[in-house]
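Peer 1: Output the structure for:
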Amino acid sequence: MPGPGPHTMYAFGSGVGLMSLSNGKFSPHHCIVYAVNAFLGPDLGSFSEWLTSTLGVGQIFGSLIMDSIHHPFYYILILGLPLSLFYSWMSRVFLHKGILDSISGVALNRMQCLLLVSAGSLSHFFLDHLFEENGHSSMYTWILSTGWWKSRAPVNPDAVVVVGSLCTCLLGGFIYINRVKHSKSFRTQWTQSVKLILIVASLYCLWCASQIYFRNPPQPAVGEEADLGVLVFLAIYFFLPHSLCIMSMNSKDYLNTTEQQLPL
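Peer 2: From the prediction side, this is the model:
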C-alpha cells in the first residue's frame, strides 16, 4: 500500500490548492490537520499492529486496533470526536505561540476539525483502495466486478438511449443553468449545478445497478465499463472528502479584507 510520502503529498497538494482557490478561507491550520489525518490517521491501526508484533506483547490487541481503526468510517466514529478536540486545542496553541499562521487570526473549532479528520480518513483510503494488496483489495475488486469481462460486451440499444439521454440532460441542464443574461447569483447557479450533477449521477448509478443486480440474467450496463463502481468510489473517496474540506472553511474572505486594510 502507499507509504507516508504519497499520502502526505496528495493531502498537502490538495490542501495547498484549496488554500489558493479559497482566498484565505482554507488556512494552513486546515491544511495541516487534513494532511496529518490523511497520512497518520487510519495508519495508527497499522502502527499499533506493527508495534505489538515487534515487541511480542499484546498482538491480539494490536490486531484488534488495526481492524477497528484502519477503516475509512470506523476511524471517524471511534477517534473523530477526541481528535477534533485535540486538534482544536492544538490550533489555538499554534496560533497563540505564533507557530503556524491562520491568515484569519482565528483557530479551528471542533466542528471544523471533525470535518477535516473525516476528510483525511477518506482521502487516505482513496490511495489505499487503489494501490494495495497487489490490486486485489476488496474495494478495487468490487469496482471491477461492476464491469463486463465475460466476453465482448454487446451494444444494447436501451443502454445507448438511457446513457445518451442522461449525458445530454447533464450537458444541456448545465448550459441552461449557467446561461448568459440571467438574474441568478453565482451561489444559486453553483447550487443548482451541484443538484443537477447529483440527480443525473444517481439515475446513472440506478440504471447500472438495475442491469447488474436486478436483471436476470444480468447484462452490461454500459458496454464493458465499470461505471457503477467508478462513480461510487469517486463519490465516497474523492468528491466527499474535498466537499468536507470546503465545508470546514472559514466563512469570511480574509485575504481580500487584509488587502483592503493595507496602506497604498
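Peer 1: average pLDDT for the longest helix along the chain?
Peer 2: When the chain is parsed with DSSP state H, its longest helix is helix 186-212. Mean pLDDT, helix 186-212: 94.
Peer 1: list the helices and strands that helix packs on?
Peer 2: Helix 186-212 sits against helix 157-177, helix 227-234, with contacts defined as 3 or more Cβ pairs under 8 Å, 6 or more residues apart in numbering; DSSP states H and E. C-beta here means a position set from N, CA and C on the backbone, and glycine is covered the same way.
Peer 1: Deepest in the core, which of those is it.
Peer 2: helix 227-234 (a mean of 18; mean count of other Cβ atoms under 10 Å).
Peer 1: how about the CA coordinates for that one, as CSV?
Peer 2: Output of helix 227-234 as CSV, limited to C-alpha atoms (Å, rounded to 0.1, in the frame of the first residue of the first chain):
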residue,chain,number,x,y,z
ASP,A,227,-19.2,2.8,-14.4
LEU,A,228,-21.2,2.0,-11.2
GLY,A,229,-18.1,1.1,-9.2
VAL,A,230,-16.1,4.1,-10.5
LEU,A,231,-18.9,6.6,-9.7
VAL,A,232,-19.5,5.2,-6.2
PHE,A,233,-15.7,5.1,-5.5
LEU,A,234,-15.2,8.7,-6.7
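Peer 1: thinking again about what came up before, tell me which of the helices and strands packed on helix 186-212 approaches Asp101 most closely.
Peer 2: helix 227-234 (32.9 Å; Cβ to Cβ).
Peer 1: Quick check: which helices or strands does the closest one pack against?
Peer 2: Against helix 227-234 (3+ Cβ pairs under 8 Å, 6+ apart) you get helix 138-145, helix 186-212.
Peer 1: I'd like the helices and strands packed on helix 186-212 as TSV, with mean pLDDT appended.
Peer 2: What follows is those, written out as TSV (pLDDT from 0 to 100):
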stretch	mean pLDDT
helix 157-177	94
helix 227-234	96
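Peer 1: still on that earlier bit, right, and the helices and strands packed on helix 227-234 - which one's nearest Val163?
Peer 2: Val163 lies closest to helix 186-212 among those, at 7.5 Å (Cβ to Cβ).
Peer 1: picking up where we left off before, in JSON lines, list the helices and strands packed on helix 227-234 along with distance to His242 and mean neighbour count.
Peer 2: Formatted as JSON lines, the helices and strands packed on helix 227-234 follow (distance: least, Cβ to Cβ, whole Å; neighbours: other Cβ atoms under 10 Å):
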{"stretch": "helix 138-145", "distance to His242": "19", "mean neighbour count": "15"}
{"stretch": "helix 186-212", "distance to His242": "13", "mean neighbour count": "15"}
